[in-house]
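>>> model the structure of this input:
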Amino acid sequence: MKNLSGKILFLDRSDINTDEIIPAKYLTELSKEALKPYCLEDLNLPGFNPAKDVQGKGAIVTRANFGCGSSREHAPWVLEYNNINLVIAENFARIFRQNMFNCGMMCIELPPEQIDEIFRVFAGTDAFCSADPDKAVLTISNDRETREYPFHLGSFDKALVKAGGWINYADKKY
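This next block holds a predicted model:
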């Protein structure tokens, strides 16, 4: 199972698409690792600098419809090679969401009110989160407080996360 914890990168915007997660001009790279320096390179968000803001983060908290746009596995791959295995949002584009789970990574959907609360309480601080797929609980903390958020995780998605992705799951099952 991949690490489902780390410092949080707050991206306060909806509709962050796969071209912003990994620009299409890098899709010809020959390895997944070669994508690493281009993570979120084209994201247009005031005050965001991908060269310094992505490094050292293990999770993203964002708004609605994360991963919309082109249906490519490169978007989860670039997050994975930047050690971001967890994305928390109101909802996700269907194909992006499934590609995350296929890679053994996790998407957590929370209601807009809880996402608002997370931004209000934790954005702008040195916040840390961890997700427990067995208990289906997300824990977020900073130097002032800790809060827990239950989430839904289907049994197949949980199995993919625990196996480390579809290939490992299939190797064990078939």
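
>>> what is the burial count for Gly124?
10 (other C-beta atoms under 10 Å). All C-beta atoms are positioned from the backbone trio N, CA, C, and that covers glycine.

>>> what about it, distance to His74?
30 Å (C-beta to C-beta, to the nearest Å).

>>> do Lys158 as well
If you go by C-beta to C-beta, the gap between Lys158 and His74 works out to 25 Å.

>>> quick one: which of the two has more around it?
Counted by other C-beta under 10 Å, Lys158 and His74 do not tie: His74 has more neighbours, with 20 against 15.

>>> ok, the more buried one - contacts?
By C-beta atoms under 8 Å, 6 or more residues apart in numbering, the contact set of His74 is Thr18, Ile22, Tyr26, Leu27, Leu35.

>>> among those, who's most crowded?
Ile22 (26 neighbours).

>>> phi first, then psi, for that one.
Main-chain dihedrals, Ile22, degrees, to the nearest 10: phi -150, psi 110.

>>> likewise Leu9?
According to degrees, to the nearest 10, Leu9 has phi -100, psi 110.

>>> can you check Cys107 too?
phi -110, psi 130.

>>> what do you get for Met105?
Residue torsions, per degrees, to the nearest 10, at Met105 are phi -100, psi 170.

>>> count of residues packed around it?
Residues near Met105, counting by other C-beta under 10 Å: 23.

>>> cool, and Tyr169?
Tyr169 has 19 nearby residues by other C-beta under 10 Å.
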